[in-house]
Each structure stands twice: as structure tokens, then as C-alpha cells.
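In: 3D model of this:
(one chain, ligands or ions: 1)
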Amino acid sequence: MSEERSATAPESVRRLAITTARVVRRKDHTPDLMTLWLEPTVPFSFKPGQYCTIGLGGVERPYSIVSAPHEPFLELFIELVPTGQLTPRLWRLKEGDEVSLRPRAKGLFTMDMAFRHHLMVATVTGIAPFMSMVRHYLHRGLEGHHFYILHGASYQDELVYDGELTALAQKYPHVLCYVPTISRPQEERNRGWRGQTGRVNTIVEEYIERFELSPHDTLVYLCGHSGMIADVKERLQPKGWRIKEEHYYWPPKPWKPARPSAPHPPPAEILGGGG
Ligand SMILES: Cc1cc2nc3c(=O)[nH]c(=O)nc-3n(C[C@H](O)[C@H](O)[C@H](O)COP(=O)(O)OP(=O)(O)OC[C@H]3O[C@@H](n4cnc5c(N)ncnc54)[C@H](O)[C@@H]3O)c2cc1C
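Out: The predicted model follows:
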């Protein structure tokens with residue numbers, strides 16, 4: 001609604017312009033990653049893959065919704081940006097506190113059921129919309145589609161939904177393949193890691209081959225760090241892959257994606273937590 005229209009709208013409509021939600025649960029995974037569960041004060045509907053806009057003190061930001069529509073609370077997976085305007089305030093939230101909530105979910109980053117195969121690539125918190133899609137799909141008992149999720153992070157403890165995804169992939173192998181990957185295997189924080197290594201954008205082509213995917217019946221979804229998205233697009237688009245994308249942020253400094261032939265790949269920290 002434009003400002004002009006909202007100024008003339010009845011009080012009941014204007015009051016709906018921003019609603020609130022109560023924090024019912026908070027779980028800290030690392031010092032800079034947490035999950036919040038919010039209870040909206042008015043009914044809030046959304047499609048899996050969409051985002052909601054929350055705020056504090058007038059500062060608002062969009063967050064993809066992790067939960068599926070049938071779940072009672074809005075689940076959000078949030079990364080702290082220490083220099084950011086909103087996330088340091090969110091980090092002070094405790095159960096019972098309130099945030100503002102725009103009354104409508106937004107976004108077109110939803111599943112396209114015209115495709116049978118869904119290749120989903122995420123950096124850290126970019127896993128959020130894919131969780132909602134997978135939970136929704138399994139809850140509805142739908143059939144005929146296959147999800148392939150590649151999830152990148154710098155450190156294993158940032159792969160927050162790996163337990164749930166690994167269990168679902170074991171239970172529903174005909175529906176879900178899940179590949180977590182870490183980009184800094186040599187670091188102490190990743191000790192004991194036995195899975196895939198390398199930034200997620202650099203393993204996409206290898207897994208496309210392993211999963212025997214074809215561009216004619218596969219849609220590629222990219223979510224999270226814009227550098228990852230740009231690099232995967234550069235690799236796949238010339239080969240005819242169709243792609244949907246949800247950009248969370250560009251890093252403050254210019255980012256150059258790593259090419260296999262590049263003599264000096266960009267330092268891992270430029271990818272943020274993003275695999
Ligand atoms: C559609 C959409 C969905 C999103 N969903 C999520 C989500 O599910 N979870 C989530 O954590 N974030 C998500 N984001 C990012 C979120 O909206 C905020 O941008 C982020 O939380 C930072 O907000 P801030 O006010 O603290 O920082 P700001 O003051 O807005 O940003 C300060 C600077 O930090 C950079 N920055 C922003 N995010 C990051 C980051 N994660 N790591 C490093 N640098 C960053 C920006 O480039 C900016 O220059 C989403 C963004 C969009 C557009």
C-alpha cells in the first residue's frame with residue numbers, strides 16, 4: 001500500500017500495516033547463529049519459500065521462513081552481523097519479547113511443481129526456505145518430486161539443520177538427497193568432519209553428474225550469499241539450466257567468484273559463513 005493510500009485508509013486497515021509477534025522460543029547454535037520461533041498476534045499465512053519482515057525500533061529486515069505453513073510458529077534462522085542495524089538488537093531478544101511483523105509474507109522464491117527435480121543450493125542461513133519446502137512437501141504426503149540439497153558453510157556447527165535433513169534423507173531416500181559441505185576443513189572447529197569439503201558453489205557441477213540431473217526436468221534454486229549465487233549462475237546458465245534465486249546480501253567488498261582455473265581463489269572469509 002502506498003503512503004498516500006495508507007494515509008486515507010480507515011483506522012482498522014492502518015493498524016494492520018504493522019503487526020507484532022512474540023518470541024516463544026530462542027535457540028543459540030553458535031555465538032552468531034540462532035533460531036527464533038515467533039507467535040504472530042494476528043493470523044499469518046505464507047507459502048513455503050516466502051519471507052516475512054520483522055523489526056525492532058523501526059528497523060526492519062526480511063527473513064526467509066524455516067517453518068512450513070502447518071506449523072504453529074514462525075521459525076527463523078538468523079545470522080548476527082555485528083555491524084548491522086537490526087541483528088545486534090535481535091540478539092538481545094529473550095522469550096516473551098515482541099518484534100514488529102509486516103502482516104503479509106512476500107517473495108516468489110517458491111517451489112515450481114512443473115519440475116520433477118529440485119536442486120537446492122544454500123549458504124548457511126540460506127537453507128531456511130528449503131526447510132520450509134521440504135517440511136511442507138513431506139507433511140502433505142506429496143509424490144513424484146525429488147529434492148537435492150547442497151548446503152555450504154565454513155564450519156560444521158553452522159550446518160544447523162543437518163541433523164533434521166540427514167534423518168529425512170535416510171527416511172525418504174526417494175524424496176531427498178542432502179549434501180553438507182564445509183569450506184575450512186583444516187581448522188580445529190571442523191575437527192572430526194568426514195563429509196564433503198569445498199565451497200558449495202564449487203561442488204554443484206560434480207553433484208549434478210552424480211545425481212544424473214538434466215536441465216530439462218530440473219529447476220535449480222540458489223539462496224543466501226550473492227557471491228555463491230553469481231558463481232553458480234555463471235557455471236550453469238550457459239549450459240541451459242533454469243535457475244531461481246534469493247539473494248540475502250552482497251559482502252561489503254567486491255567479491256570475485258573462484259574459477260577452477262583461477263590462480264588465486266578469493267579468501268574464504270570473503271564468502272562470509274557461506275561455504
Ligand atoms: C529475501 C531475503 C531473505 C533473507 N532471509 C534471511 C534469513 O533467513 N536469515 C538471515 O540471517 N538473513 C536473511 N536475510 C538478510 C537479512 O534481511 C538482513 O540483511 C541481515 O540479517 C542483516 O541485517 P542487519 O540490519 O543486522 O545488517 P545491515 O545493517 O542491513 O547490513 C550491514 C552490512 O552487512 C552485510 N550483511 C548482511 N547480511 C550479512 C550476513 N549474513 N553476513 C555477512 N554480512 C552480511 C550487508 O551487505 C550490509 O552491507 C534475508 C535477506 C533477504 C533480502
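In: Apart from its chain neighbours, what residue comes closest to Ile54?
Out: Of all residues not flanking Ile54 in the chain, Val99 sits nearest, at 4.6 Å (C-beta to C-beta, 6 or more residues apart in numbering). Quick note: C-beta positions are derived from backbone N, CA and C, even for glycine.
In: Report the distance from the helix or strand harbouring the one you found to the chain centre.
Out: Assigned by DSSP states H and E, Val99 belongs to strand 98-101. Offset of strand 98-101 from its chain centre (C-alpha atoms, centre = their mean, to the nearest Å): 21 Å.
In: which other residues reach it?
Out: Outside strand 98-101, the residues that touch it by C-beta atoms under 8 Å, 6 or more residues apart in numbering are 18-23, 38, 40-41, 44, 52-56, 60, 74, 90, 93.
In: so does it get close to the ligand?
Out: No. Interface with the ligand: strand 98-101 contributes nothing (C-beta under 6 Å from any ligand atom), its closest point being 12.7 Å away.
In: Quick one: residues contacting the residue in the stretch 1-150 of the chain that the ligand sits nearest to.
Out: Of all residues in the stretch 1-150 of the chain, Gly84 sits closest to the ligand, at 2.1 Å by C-beta to the nearest ligand atom. If you count contacts by C-beta under 8 Å, 6+ apart, Gly84 has none.
In: SS state for it?
Out: Assigned with DSSP: H, G, I helix; E, B strand; the rest coil, Gly84 falls in the coil class.
In: ok, back up a step: what residues are bridge-paired with the residue nearest to Ile54?
Out: Val99 forms beta bridges with Ala21, as assigned by DSSP bridges.
In: Could you list the low-confidence segments of this structure?
Out: Under the criterion pLDDT under 70, the flagged ranges of the chain are 1-16, 252-275.
In: report the longest helix in the chain, please.
Out: Longest helix in the chain, counting residues (DSSP state H): helix 128-140.
In: Could you see whether the ligand lies near that helix?
Out: Yes. Under the criterion of C-beta under 6 Å from any ligand atom, the ligand is reached by helix 128-140 at Ala128.
In: who touches that helix?
Out: 48-51, 63-71, 76-77, 109-111, 118, 120, 122, 145, 147, 149, 161, 164-165, 168, 172, 175-176, 221, 223, 246.
In: Let's see that with 6 Å instead.
Out: Under the criterion C-beta atoms under 6 Å, 6 or more residues apart in numbering, residues 48-49, 64-66, 68, 70, 77, 109, 111, 120, 122, 147, 149, 161, 223 lie in contact with helix 128-140.
In: For PyMOL, write a command that selects the buried ones of these.
Out: The following PyMOL line selects those of the contacts of helix 128-140 that are buried, judged by 16 or more other C-beta atoms under 10 Å:
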select buried, resi 48+49+64+65+66+68+77+109+111+120+122+147+149+161+223
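In: Can you say which of the contacts of helix 128-140 are also within reach of the ligand?
Out: Contacts with the ligand are made by 64, 77 out of the contacts of helix 128-140, judged by C-beta under 6 Å from any ligand atom.
In: Nearest to Pro31 among the contacts of helix 128-140?
Out: Nearest to Pro31, judged by C-beta to C-beta, of these is Phe77 at 15.0 Å.
In: helix/strand/coil for the closest one?
Out: Looking at Phe77 with three-state DSSP, the answer is strand.
In: Ala122 now?
Out: Applying three-state DSSP: Ala122 is strand.
In: Ile243 against Val220, yeah?
Out: Yes. Here Ile243 reaches Val220: they are 4.6 Å apart, a contact under C-beta atoms under 6 Å.
In: Against Leu236, how distant is Gln218?
Out: Wrong residue type there; residue 218 is Thr, not Gln. Taking C-beta to C-beta, to the nearest Å as the measure, Thr218 falls 10 Å from Leu236.
In: And the residue of the stretch 151-275 of the chain closest to the ligand?
Out: Closest contact between the stretch 151-275 of the chain and the ligand, by C-beta to the nearest ligand atom, is at Tyr249 (3.5 Å).
In: That residue bridge partners, please.
Out: Applying DSSP bridges, one finds that Tyr249 bridges with His225.
In: Any idea how many residues pack against it?
Out: Using other C-beta atoms under 10 Å, Tyr249 is surrounded by 14 other residues.
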